[in-house]
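Colleague: Any chance you could fold what I've pasted below:
(chains A and B)
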Amino acid sequence: MAEPHRTILVVDDHPELLELLREGLSGHFTILLACNGAEGLTAVAESHPDCAIIDIRMPDIDGLQLVRTLRGDPTTRDMPLIILTAMPEEQGLLPGLLSGADRYLTKPVLPSELIPAIQNAIALSAAERARRLRSLVEGEES
Amino acid sequence: MTEAIEPTITFGGAATQNETETIRRYDRQRRQRLLILMGTTFGSLIGALFALLVLLIAIAGTFGVSEIVELTGTALNALLFVVVVTLARQEHVEWAAALFAVGAVVFPNLIIATSTATGAGSPFNVAFLVGAIIIASLAGRPWMVFVAALLASLTTSFMVLAPLPTPTPAQQALHAYLALTGWTILPIMFLVYWGIALLLLAQWRSYQRLLMELADVRTQVERARRLDELKDQFIRNVNHELRTPIMALLGYVDLLKNPETQRSTEKVERYVQRAERAGQSLRALLAGILDTRRLGVLPTALAPERLDLMTVLEEVIPLIPDETGGQNTEERALRVRMPPGLAVWAEGIKTQQVFINLLGNAVKYSAPGTPVDIEARLVKGDESTRRWRRREAPQEPVVEIVVRDYGLGIPPESQPLLFQRFMRLPRDLESNAIGSGLGLYLSRTLVESMGGSIGVQSSGVPGEGSSFIVRLPAPPHAGSDVTADEEPDSDPQDSSLRLVAVRPPDATDDPAMGDAERELSDQRSA
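Modeller: Coordinates of the predicted model:
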């Protein structure tokens, strides 16, 4: 079964990092970039990405706050969310997972490592399970 | 402008104004607590005395004018202490101390002098009067001791010199005593009062000094604790700042390994360039950290020379790093106001580094397009140290340079720690501004190593900006040049330079960078 084309949103306040991820991921996904939390929210509302990669320390909306907001919204509740941050695990892992993120990745992460992580997160997400179940049931019916 | 700066300047070594305030607050709190305690104790005692008097009068069964006077006086006295405690609680420490002295000296003596029931006490009430002076010294400032001593002298004089028409037993005893000893007792009493007052004042001063030292230790401990916190914060910052370029570097290398990338020369070139830039920002960060470490630990030999300030500024401008990711390349006006040919006695590289830091900050923390001002003048002696070493030989002349921006400013509460290592303002941590919290610490270390000083003045109101004041020694014999024109602003020359934020040496990206500028960058990184 061919994988459908996925749209990934990257929210990070470091321009050089956004650039790297666009270069590194655009062969596999459609990439949307946002350089702060507010832009991230707008991008989610407009483009409904399949997965979001979110930094924690950002100038306007804290990444954890952004994750909580997305989890609280019924339309984005099941979206796979990956935290990608410079904050070490002992400091950020627990708050990150408690906020509702699916994965917690600590920088530096190579683009080649990030791709399977994104694919995994999408495959494991509740929304995806529901979608596959539906297509399975529909396939049996037809 | 500089007159207004003086009172709020914060210099590195001595206790800062904030800390002195803390010390004063400690002292005030101490006196406040003491007044509340003593006021309560005295008030309770006088209240108990009132009850005792009522009992005594009831037993004696006589109730005349003197009893009424005595009861009213005692009640008023007790009330006075209630007022003292209330005032002290409301932080009117001086008023409370003054009323306390009145309550402790005047009232009891008037009561004793006019009463019948308790009037058989000591003729001079010496213990009471001396006690009041001691209490005044504990509860109040030095002038309270003078007031108490004066009141004690007046009370004694009143008792001795102004006998009542119907002498009380106390006065009768007193006059019998005076008949024995003669009037010499009066000056002796005065001597006792004032001698004790002077002793107490001396003791008060040494106590104050002790207190200051104690508070100093406290502020030192507090400083050390803050520094420790800053150190932790610094490590977190370094960690955070390092990870991003490392990820960029490794990420582009990872992409370069991809066979698909290798098919496109254009992509390979771009990735190599970006990886290189990430590596360079890592190098700059490490250099900053190592500089801090080195300058913080090792004293370096001083090799000062005569540096023309204008030349220094001209050399420095191309080196000011643009840390806003290329968004801030707009030209800025750098307005310079200084007498022609003004020079400092300092080391070239160090002086350059200081102005790179200060001008870089001015650009980084102010809106694009706002000007930056530099005002420099020759002043006679370092005014910051003159206060403490008034008796020393005439001060060497120094050059005072004020770098002023019209940006965010620095909140006054952040100023005392501004020149400490690892210091970053909370707003920087939340913002995108790159920085390791080392720039101003480095500047301070550099300036102080050249025998100068650095300070800041800012109201913390955005738009009013901040002024950084650098003082560097003037070249030898510069003082004789100025004696002719003592007025510092007698002949300043206005110049205007273009302050352009340029990127850090990244030649491939910035073809506008000339050879001369590149040489300067090399010199700087060397």
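Colleague: What parts of chain B come near chain A?
Modeller: Chain B has residues B:239-240, B:243-248, B:250-252, B:254-255, B:258, B:260, B:271, B:274, B:277-278, B:325, B:430-432 near chain A, with proximity defined as Cβ under 8 Å from any Cβ of the partner chain. Bear in mind the C-beta positions are built from the backbone N, C-alpha and C, glycine included.
Colleague: what residue ranges in chain A are flagged as low confidence?
Modeller: A:1-4, A:126-128, A:140-142 (pLDDT under 70).
Colleague: Contact residues of it facing chain B?
Modeller: So far as Cβ under 8 Å from any Cβ goes, chain A lies against chain B at A:13-17, A:19-21, A:23-24, A:27, A:57, A:59, A:86-88, A:106-112.
Colleague: what comes up buried for stretch A:14-21?
Modeller: Within stretch A:14-21, the residues that count as buried by 16 or more other Cβ atoms under 10 Å in any protein chain shown are A:H14, A:E16, A:L17, A:L18, A:E19, A:L20, A:L21.
Colleague: I'd like these written out as CSV, with distance to B:L191 and secondary structure added.
Modeller: Output for these, formatted as CSV (distance: Cβ to Cβ, whole Å; DSSP: H, G, I helix; E, B strand; the rest coil):
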residue, distance to B:L191, secondary structure
A:H14, 79, coil
A:E16, 83, helix
A:L17, 83, helix
A:L18, 85, helix
A:E19, 88, helix
A:L20, 88, helix
A:L21, 89, helix
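Colleague: show me what contacts the residue nearest the centre of chain A?
Modeller: Chain A has A:A52 as the residue nearest its centroid, 2.0 Å off, counting by Cα atoms, centre = their mean. Contacts for A:A52 (Cβ atoms under 8 Å, 6 or more residues apart in numbering or on different chains) come out as A:I8, A:L9, A:V10, A:V11, A:G40, A:V44, A:L70, A:M79, A:P80, A:L81, A:I82.
Colleague: In strands, which of the residues you listed fall?
Modeller: When these are checked against strands (DSSP state E), the matches are A:I8, A:L9, A:V10, A:V11, A:L81, A:I82.
Colleague: for those, which one is nearest chain B?
Modeller: Within the ones in strands among the contacts of A:A52, proximity to chain B (Cβ to the nearest Cβ) peaks at A:V10, which comes in at 12.5 Å.
Colleague: coming back round to it: take the ones in strands among the contacts of A:A52 and write them to CSV, including neighbour count.
Modeller: Output for these, formatted as CSV (neighbours: other Cβ atoms under 10 Å in any protein chain shown):
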residue, neighbour count
A:I8, 26
A:L9, 24
A:V10, 27
A:V11, 28
A:L81, 25
A:I82, 24
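Colleague: Can you tell me which of these lies closest to B:D405?
Modeller: Among these, A:V11 lies closest to B:D405 (Cβ to Cβ), at 31.7 Å.
Colleague: Which residue is the nearest non-sequential neighbour of the closest one?
Modeller: A:G40 (3.8 Å; Cβ to Cβ, 6 or more residues apart in numbering or on different chains).
Colleague: before we move on, the earlier item: tabulate the ones in strands among the contacts of A:A52 (JSON lines), appending distance to B:A96.
Modeller: Shown next, in JSON lines, are the ones in strands among the contacts of A:A52 (distance: Cβ to Cβ, whole Å):
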{"residue": "A:I8", "distance to B:A96": "70"}
{"residue": "A:L9", "distance to B:A96": "65"}
{"residue": "A:V10", "distance to B:A96": "65"}
{"residue": "A:V11", "distance to B:A96": "59"}
{"residue": "A:L81", "distance to B:A96": "62"}
{"residue": "A:I82", "distance to B:A96": "64"}
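Colleague: and which of the residues you listed is nearest B:A149?
Modeller: A:V11 (74.0 Å).
Colleague: I'd like the distance between that closest one and A:E113.
Modeller: Going from A:V11 to A:E113 by Cβ to Cβ, to the nearest Å gives 19 Å.
Colleague: before we move on, what about B:R243?
Modeller: Distance from B:R243 to A:E113, by Cβ to Cβ: 15 Å.
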